[in-house]
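Trainee: I need the structure of the sequence given here:
(chains A, B, C and D)
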Amino acid sequence: MNAILTMPEMAVTALALGLLVLDLWTPADRKGDLGIAAIGGLALILAGSFLFGAGAPQYAFGGMYVLDGMALFFKRLMLGVGVVALAAALEYSKRFAAGTAEYCALILLAVSGMMWAASANHWALLFVSVELMTVTFYVLVSFERTRMPSLEAGVKYLILGALASAFLVYGVALVFGGTGTLGFAGDSGPGLGTGSVLVRVGLALVLAGLGFKIGMVPCQFWAPDVYQGAPAPTAALLAAGSKAAGFALLLRVLLEAAPDWALEMRPVLMLIAGASILYGNLCAIPQRNLKRLLGYSSIAHAGYMLLGIVVLERAGAAAILFYLAGYACAVLAAFLVAALAFDPGEPEEIPALAGLHRRSPYLAAALALSMISLAGIPPLVGFFGKFLLLKGVVLAAFDSRSFGWLAGVALAGIVTSFYYYFGVVRAIYWSAPAAERPPIAVSRVAGAALGACLVGIVAAGVFPSPLLEAARLAAGALRIP
Amino acid sequence: MSILTVILLLPLLALAALAAWPSRQRVMFQAVTIGITFVELVLASLAAWQFDVSAAQSFQFVQKVPWIPSLGISFHVGVDGLSVGLVWMATLVSFAAACASWEIRERVKTFHLLLLLMNAGVLGAFASLDLFFFYIFHELALVPTFLMIGIWGRGGQRSYAAFKITLYLGLGSMVLLLGLLAVFFLAGQTTFDMVELAAQARQSPFPVARQQAVFPLLLLGFGILASLWPFHTWAPLAYGAAPTPTAMLHAGALKKFGLYGLLRVALPLVPDGARDWMSVLAWLALGNLLFCGLVAVRQKELDRLIGYSSVAHMGFIFLGIASGTALGITGAAVVMVAHGMLAALSFGLSGHLYQQTRTLELDRLGGLLRPMPFLGTALVMAMLAACGVPGFGNFPGELLVFFGSWPPRPAATAIAAAAALVVGAVYALRAVRKALHGPLPDAWQAADDLSNPWRRLPFVLLLAGLIGLGCFPGPLVDRIQPAAAAIARPLESAPAPAALIPLPAAALTRPPEEASR
Amino acid sequence: MTPVGLPHYLVLSALLFSLGLLGVVLRRNLLIVFISLELMLNAANIALVASARFLNRIGGQEMVFVVIAVAAAEVAVGLALLAALYRQRPTVQSNDLDALKF
Amino acid sequence: MQTLFPWLILLLPLAAAALISLFTRPHRDLSARLSIGAIVAGFWLTLLLFALPGAAAQAYETRIPWLAAGGLQIDFGLRIDRLSLLMALVVTAVGGAIHIYSYEYMRGERRFSTYFACLSLFTFAMLGVVFAPNFVQMFFFWELVGVSSYLLIGFWFERPAAADAGLKAFLVNRVGDLGFLLGILLVWSRLGSVHFGELERRLAENPAALGAMATVAGLLIFCGALGKSAQFPLHIWLPDAMEGPTPVSALIHAATMVAAGVYMLARVFFLLAATPHWPAALHFLEGLDALEIIRIIGLFTALMAGLIALQQDDIKRVLAYSTLSQLGYMVMAIGLGQPGPAMFHLATHAGFKALLFLGAGAIILALHHEQDIWRMGGLRRAMPLTFWTFLIATLALCAVPPLGGFYSKESILAHAWHQDKLVFALAWCGSVLTALYMFRLVLVVFGGSPRRPRDAQPHEPSHIATWPMLFLAGLTVLAGGADVEGFLAGGAQGTASLASRLAGPLAHAPFVMLAGLAATGLGFAMAWGLYRGAYRDPLPARWSTLASALRQRLLLDAWYARWIGGSFEALACLASGVDRWIIAGAAVRGVHGSVELTGRLLRLAQTGKVSTYAFALGCGVAALLYWLIR
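Mentor: Next up is the predicted model:
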């Protein structure tokens, strides 16, 4: 037993539970300190995660759990996302009647679910970690029990999430029926035997289940509705964390467990990638709601990242890892601003951002930077991510014409996305505000979290080398047969 | 540290410093921007002066810092004869644009931060010798342009214009990105370094079929960025709506990026792909020259007219490039430098005119030469330069383009010459006639000339640059010509006519490419 | 009469799964939809158990416990959520929840 | 010294222009003195060059490299030979006189300094054309001459007519320059050089070097002269150019710039005289050579302009059409293969035509900017000096011996007589017309009784203005003694005695001389009959159709405006329509609109209903499965 490897997950879980317990003794006016404690704890765990070196893969629980470079990369990413999400939650939870600690604890649990997912090397752990996230998110999404959109989003996430889980688990059952094992690796070395129909069908159902997490076509419908209805910190965590966990699992399943099947499915995956890019970007054009817009854009970004999967190479995986980190920075910043710039109960309409540059130049610049990074304009991190992804596709296009089409679709999608991202920038900087509104005070915690995101956006864009090396190292750990 | 690195770092450092400065002290921002761009101008002039003409084909002031070693990306700057003039022109235009920014009265801090960012992008694009940075630096200017047009732009269409230029240029740069990536793969995925790539392409040319697939991407990408017909409609619209400094910097310096890219990247790296497209490019160039020239004739507003004229001028450069001869390419590069100054001058003047009259509708203007003698004279000179009058920088460039492209394509050259000499004169002089000549309407009796010598300075400098280049093109041509000859060598499918006929001894004693190798 | 083999169980589970899916798609009552989802999970359980039995691998049966536990958690949260919803808006029709769209 | 002087001659006016426009603009007198000083110095330096031993005998060049790239080498240099020295002398002499005259004429002008700056710029450009040793440099200054002409015609830019005239002049010239440029490119591409001497050498070595394009190249280059020397069909700008100040008309649009075309033809005569050869596409023109076409155009212009001049009422326009007509003679002389007589006529014409314009300027100034000849009359007594100088110039123009114009024109007519009798006959008719319209002018303006308000008391201009007139009159009288043709032909000076030269025409071609005198006499007689003491023009009453056609300039201007201008506008309209509605509209906005519409439609799939989403998910998975197990 190498249970020591699971220390980070355990610590996060313990932190969540400790938070819930401490909450019982904390007076109402000191609840905020709990959140700060949670942030501090999570940051400590993040720092502690660097004690683990990314050496050869280490296994725990009889191979169910693997700690390799990729798992470590994802864990650090998720811990970072968790810190920022907690900061957002702390800011946002001022508008809740009660439940700051619970909200923070749930976030911590979701983060721990994601971290488990990053290390899953077994269908059971995959399922459990996914469900840990999903069930937590049911609550997180509908946390504003008195706000109808939050509840509606919660119900939608509940039904569709459960449906996706059902697909996932049924797929797992079929794969088990076909291979007789629940590990990702077959009996004879890495990779599952994927000859039988059961396994192939089962994997397709798993793909659908995981596709729900990342929000790809045709499992994308929930994303805009839920992003719009959920509290902003939840949506941030959904976009940055849950999607990352989905990709971690997808990479494990498609590249490690079933590379043959993935190769067979490549045309479909390409179709899905292209469709996601187009769907997300086209539907986002007429959006007026900032969070809904980010929901659609998350579909498009899932499509971009699938480009890294369809090339079925380590370089593509590295591109996805890099992209996820950059996407997390940008989208967290965007949701943080969405949490701060709007009044409680006010729908997050983009026109209401008019005059933001005067109300808070910092928030304005942050949102603009995050939009520009999402649009993929240099020198921000979003560009370099897209650069890496497109690099893979262009290389493949030399051999296969269909990749040329995919590159064209991606290009069209990216250019289309400029339209709505810059629409947000326009709203911030030069739309005429309907009424003069007071300046926004940004708390120190939120400001620092936002600053961290911005530093990430700019620094990883201008000096991409360290992050890129980390991503390459992590992708190098993938055991592609 | 290379002088070029200093030039590039200056605006970025200033940007960082100014970002922390309180936004109330408005004068501070303009003063710093002007100061920084002036220092750049001085440094670039120094570089141009120290440039070793005898080695104009090789890169000088080189600095190389590994940036992303795993992808073969490094921060690599340097100039050869082709780019040294462009860098100098870009600093001059930047300085002029910074000087013209006094018209900005709101959100001064933001404006100058964006201007510095754009300035860094422009200079970096011309100084970079790494494909990646070459691309990145150009893109640096995309967002500032969008914001500047949107926030400080003029006219009811500014929002549309801001979006149009951003989307259009975004499209162009995405196509370009695909093309650059394809070049990266052609060369074996080892490096983005232009110098190494070019050496590789020279020694072992890439497979022809691949080249033919890649070149259209590059042509389309660079073409959109340089307003190649029919992808030009963003330019007049955006320049008409942009605040003066932005229009000056964008039309003057930034738009040359696409053309520079064709010369620096597309032609040397994929010459076999390029050759087949040259005749297409020549006819598209006529689309710029003739079609956009004719459109310019019909414009009712001065800034739109200048915008279309600027698009039309791109035609010379495309024609020169399409000629595939050393002469034509040299001419194209000279026009690039000259047009940079000319565009900045024209937009700067029309911007000042707008400040005075609040309209640029030609039918409402008239007789302004009387109340504004300095501005009027400068505008007359700009318009004369625009129609290719000798003595201004455009003339030697256009002449070289004609000489270069006549032997391979007499018909296209003849049409181009007609467009340049006749159509160009019609729109340029018609603008003078309507805006400056004729009776002076009562409304503009009190229009204020550029009375302050400091405000005249940028225009005086630009005019001096234009006239200097027009009268003494030798120094620039000597710098460009070896690089141009190196670009043209793999392209020349048929021997130039000069080779058929014994040349005067003077021309034979200086075979440009071998001598400098 | 042929002995009941793995394929039979798998077909049964597939049928149950499809019925559940149909229920989710066609029914409008949120509680029924929820029950249909449970049906789908149980279809998976049947497949797991049957496979484990026929392949002589214990893993499938372990997995079933996990699934049951997770399903229980899901039901707990889900029903609470529906209750909270009912408090805000007395309806269990899924199509009434379409304020977030387009 | 031989190289320094020409550089000084060329660059002094440029320096003056630069100094004036940069520094001395507020100091009117200083500016004028700078400008006048530059050209007068140029005049003396040119004379010195003539006087320098051997300077005029041997052609030589001085040059500095200007631009060299890819097999094209262009130098900036000066070619000093007899042709350029003669032309430089004409430019500086006539130009100097007119500069001084301008000092008086433009005295009240607000932009006095600017005027002199432009004038100096023009002088610089004109001298640049004169000294140019290669095509590119000539084109450079050719264009610059056009620009300074544009600036000076439009000097009174606030008057719409003047502004329009400048625009028109520049545009029409540009059309000619287009041909010129294409001709240069063609010649370069065939011969590989742009240098006159080099070209001549190569063409002499291999007369067939130009190949099938020989005639086309010659004609394209002639296009340049067509524009600048205002030959049909590009003549329409010159009469309008009279909107400029009168000294400008004298200098640019009578004496020098319009003669540049003829000078250029003389300079590149070796190209025009190349073996006629047409490309296959133009085979039907075989047999026609370039000179023949040039001759026809010159002759036609001479006759047409002479006719139109008959019915002009504006004093300057009469002179303008007369200039056209005389330029036609010069071009015709080139077409006859005789650049020498052409240059001779150019030189004499520069003097007397400038004198005519200065006289006209004096009259206009005296009558407070009245230009209609029918409101003048009787000025002989009020302005005797102007009258006499004007008369001398008129006589010279009408080729009355022993004035300069007589010798130059007789020389042209004699060559015509020797080569082509039909050309001679028509040219003779032109001489009749010349005498007719000039004496009409003299009789109406100076003869008869005053037809103006009583209070206006015309008087002679001040001395500053009269000295140049007297100087030019002196030149006109004495020019006959100059053996320009012999000088150009390279013969040693002074071989023939002055007397034999003066009697030359009588000796060589007595019939032509007599016929020429008869033509002048006939013209004078007709003018006397028609216009002595006339108060208004009798011709419209007698031949109304003809007169009105002539008054409307043979309808050419209207026709150009309507058809060429109209079709250009239509083309521009079409282009801008395509640009606006098809490229920016249908294509760009269409893409933008359809993308946005697709987005709006696509998001309708997002119904907000869970069952839809579940259904879509189910369908998607089903499709996936189908693809997998099909």
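Trainee: only C-alpha atoms for contact and neighbour calcs from this point on.
Mentor: OK.
Trainee: Isn't residue D:87 up against residue D:129?
Mentor: No: contact criterion C-alpha atoms under 8 Å: residue D:87 and residue D:129 do not qualify, at 9.8 Å.
Trainee: who has more neighbours, the two?
Mentor: residue D:129 (31 against 24; other C-alpha atoms under 10 Å in any protein chain shown).
Trainee: which stretch of helix or strand covers the more buried one?
Mentor: Using DSSP states H and E, residue D:129 falls within helix D:112-131.
Trainee: other SSEs contacting that helix?
Mentor: With contacts taken as 3 or more C-alpha pairs under 8 Å, 6 or more residues apart in numbering or on different chains; DSSP states H and E, helix D:112-131 sits against helix D:4-19, helix D:28-51, strand D:72-80, helix D:82-105, helix D:135-153, helix D:257-267.
Trainee: Apply 6 Å and report the result again.
Mentor: helix D:4-19, helix D:28-51, helix D:135-153 (3 or more C-alpha pairs under 6 Å, 6 or more residues apart in numbering or on different chains; DSSP states H and E).
Trainee: Return the angle between stretch directions for the first one and helix D:82-105.
Mentor: With axes from the mean of the first three to the mean of the last three C-alpha atoms, to 10 degrees applied, the angle from helix D:4-19 to helix D:82-105 works out at 30 degrees.
Trainee: Next: the second one.
Mentor: Compare the direction of helix D:28-51 with that of helix D:82-105 by the same axes, to 10 degrees and you get 160 degrees.
Trainee: Tell me the helix or strand right after helix D:28-51.
Mentor: Next along from helix D:28-51, by DSSP H and E: strand D:60-69.
Trainee: Buried residues, that next one. List them.
Mentor: D:61-62, D:66-69 (16 or more other C-alpha atoms under 10 Å in any protein chain shown).
Trainee: ok, is stretch B:116-132 in contact with chain A or not?
Mentor: No: remark: stretch B:116-132 sits outside contact range of chain A, by C-alpha under 6 Å from any C-alpha of the partner chain, the gap being at least 9.9 Å.
Trainee: re earlier: closest to residue C:80 out of the helices and strands packed on helix D:112-131?
Mentor: Closest to residue C:80 of these, according to C-alpha to C-alpha: helix D:135-153, at 87.6 Å.
Trainee: on contacts alone, who are the packing partners of the closest one?
Mentor: Partner elements for helix D:135-153 (3+ C-alpha pairs under 6 Å, 6+ apart): helix D:112-131, helix D:160-191.
Trainee: tell me the mean pLDDT over the shortest one?
Mentor: The average of the pLDDT scores along helix D:112-131 is 93.
Trainee: That one vs strand D:72-80, what angle?
Mentor: Using the same axes, to 10 degrees: helix D:112-131 against strand D:72-80 is 100 degrees.
Trainee: contact partners of helix D:112-131?
Mentor: D:10, D:13-14, D:17, D:20, D:25, D:28, D:31-32, D:35, D:78-79, D:84, D:138, D:141, D:144-145, D:148 (C-alpha atoms under 6 Å, 6 or more residues apart in numbering or on different chains).
Trainee: show me what contacts residue B:218?
Mentor: Per C-alpha under 6 Å, 6+ apart, neighbours of residue B:218: B:176, B:179.
Trainee: let's go with 8 Å and repeat that
Mentor: Residue B:218 makes contact with B:175-176, B:179-180, B:262, B:266, according to C-alpha atoms under 8 Å, 6 or more residues apart in numbering or on different chains.
Trainee: Same check on residue B:353?
Mentor: Counting by C-alpha under 8 Å, 6+ apart, the residues that residue B:353 touches are residue B:360.
Trainee: what about chain C, any weak spots by pLDDT?
Mentor: Along chain C, the parts satisfying pLDDT under 70 run over C:1.
Trainee: what does it have sitting close to chain A?
Mentor: Applying C-alpha under 8 Å from any C-alpha of the partner chain, we find that chain C lies next to chain A at C:33-34, C:37, C:40-41, C:43-45, C:47-48, C:51-52, C:55, C:57, C:59-60, C:63, C:66-67, C:70, C:73-74, C:77-78, C:81-82, C:84-85, C:88, C:97-101.
Trainee: closest point of chain C to chain B, which residue?
Mentor: residue C:102 (23.9 Å; C-alpha to the nearest C-alpha).
Trainee: got the helices and strands packed on helix D:112-131 as CSV, with mean pLDDT and mean neighbour count columns?
Mentor: Formatted as CSV, the helices and strands packed on helix D:112-131 follow (pLDDT from 0 to 100; neighbours: other C-alpha atoms under 10 Å in any protein chain shown):
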stretch, mean pLDDT, mean neighbour count
helix D:4-19, 91, 21
helix D:28-51, 91, 21
helix D:135-153, 93, 24
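Trainee: Looking at those helices, which is nearest to residue B:77?
Mentor: Comparing those under C-alpha to C-alpha, the one sitting nearest is helix D:135-153, at 37.5 Å.
Trainee: so how far is that closest one from its chain's centroid?
Mentor: Distance of helix D:135-153 from its chain centroid, counting by C-alpha atoms, centre = their mean, to the nearest Å, is 10 Å.
Trainee: hey, C-alpha coordinates of it in CSV?
Mentor: Coordinates of the C-alpha atoms in helix D:135-153 are reproduced here as CSV (Å, rounded to 0.1, in the frame of the first residue of the first chain):
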residue,chain,number,x,y,z
PHE,D,135,15.6,59.2,-69.7
VAL,D,136,15.0,58.7,-66.0
GLN,D,137,16.4,62.0,-65.0
MET,D,138,14.5,63.7,-67.8
PHE,D,139,11.3,62.0,-66.7
PHE,D,140,12.1,63.1,-63.1
PHE,D,141,12.3,66.8,-64.1
TRP,D,142,9.7,66.4,-66.7
GLU,D,143,7.2,65.6,-64.0
LEU,D,144,8.6,68.3,-61.7
VAL,D,145,8.1,70.8,-64.5
GLY,D,146,4.5,69.6,-64.6
VAL,D,147,4.1,70.1,-60.9
SER,D,148,5.5,73.6,-60.8
SER,D,149,3.3,74.4,-63.7
TYR,D,150,0.3,73.0,-61.7
LEU,D,151,1.3,75.1,-58.8
LEU,D,152,1.7,78.3,-60.8
ILE,D,153,-1.5,77.9,-62.9
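Trainee: got the angle for that helix vs strand D:72-80?
Mentor: 70 degrees.
Trainee: what residues does helix D:135-153 touch?
Mentor: B:389-391, D:74-76, D:115, D:118-119, D:121-122, D:125-126, D:128-130, D:132, D:162-163, D:165-167, D:169-170, D:173, D:177, D:181, D:184, D:194-196, D:241-245, D:248, D:252, D:257.
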